[in-house]
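Peer 1: What follows is a predicted structure for the sequence shown.
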Amino acid sequence: MKVFEKLNVGVGYAYVTDEQLAYAQKVYGRYVGFLKKRYGADYGNDRLHTAVSLVEFLLQDVSHDRMDSFTMDEGILVKTQSGAVGLTVGWDIVGFSHPHYEVSVKTSTGVHCYDVDSLAKADIPPEVLEYVKSTLQDKVHNKVDEAFKED
């Protein structure tokens, strides 16, 4: 499977729609942003530190380098296959003999890398989120009160 098929860009159509192109460019932008952030000043100095073009990106074989990892945005609440819930915090290059991209997820045990296919958006009931939010607000208010409390 190619990245363009995974993104459903141009699949089954004689042409690529504006929406499909915008989505492909958004995912590609995450990839380029990752490389710029990772390599900083060295970005663009050689082939290793330069992003492939949008066309090359879309034609990559998903099983080879897992560029489809960039379909998962940062800041998404996800559930891993092991049942852990975490927040996506970016991407990383994993492996030595066969390096590929994976999604970095921060869980209660730390930051770990996962294949994008092993992640699912976490379906947390709104009631649970409201409870957590109110509990955190109470803790913050209590800490502020303690800090300004006169002895």
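Peer 2: Right, received. Where do you want to start?

Peer 1: list the helices and strands the strand of greatest length in the chain packs on?
Peer 2: The longest strand of the chain (DSSP state E) is strand 85-94. Using 3 or more C-beta pairs under 8 Å, 6 or more residues apart in numbering; DSSP states H and E, the elements in contact with strand 85-94 are helix 18-39, strand 77-80, strand 100-107, strand 110-114. Where C-beta positions appear, they are placed from N, C-alpha and C, glycine not excepted.

Peer 1: One more pass at 6 Å, please.
Peer 2: Packing contacts for strand 85-94, counted by 3 or more C-beta pairs under 6 Å, 6 or more residues apart in numbering; DSSP states H and E, involve strand 77-80, strand 100-107.

Peer 1: quick one: least confident helix or strand in the protein?
Peer 2: helix 126-148 (a mean of 70; mean pLDDT, DSSP states H and E).

Peer 1: one step back: export the helices and strands packed on strand 85-94 as CSV, with columns for distance to residue 2, mean pLDDT and mean neighbour count.
Peer 2: CSV is the format used below for the helices and strands packed on strand 85-94 (distance: least, C-beta to C-beta, whole Å; pLDDT from 0 to 100; neighbours: other C-beta atoms under 10 Å):
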stretch, distance to residue 2, mean pLDDT, mean neighbour count
strand 77-80, 24, 89, 17
strand 100-107, 15, 92, 20
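
Peer 1: Make a markdown table from those strands and add distance to residue 87 to it.
Peer 2: Formatted as a markdown table, the helices and strands packed on strand 85-94 follow (distance: least, C-beta to C-beta, whole Å):
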| stretch | distance to residue 87 |
| --- | --- |
| strand 77-80 | 6 |
| strand 100-107 | 5 |
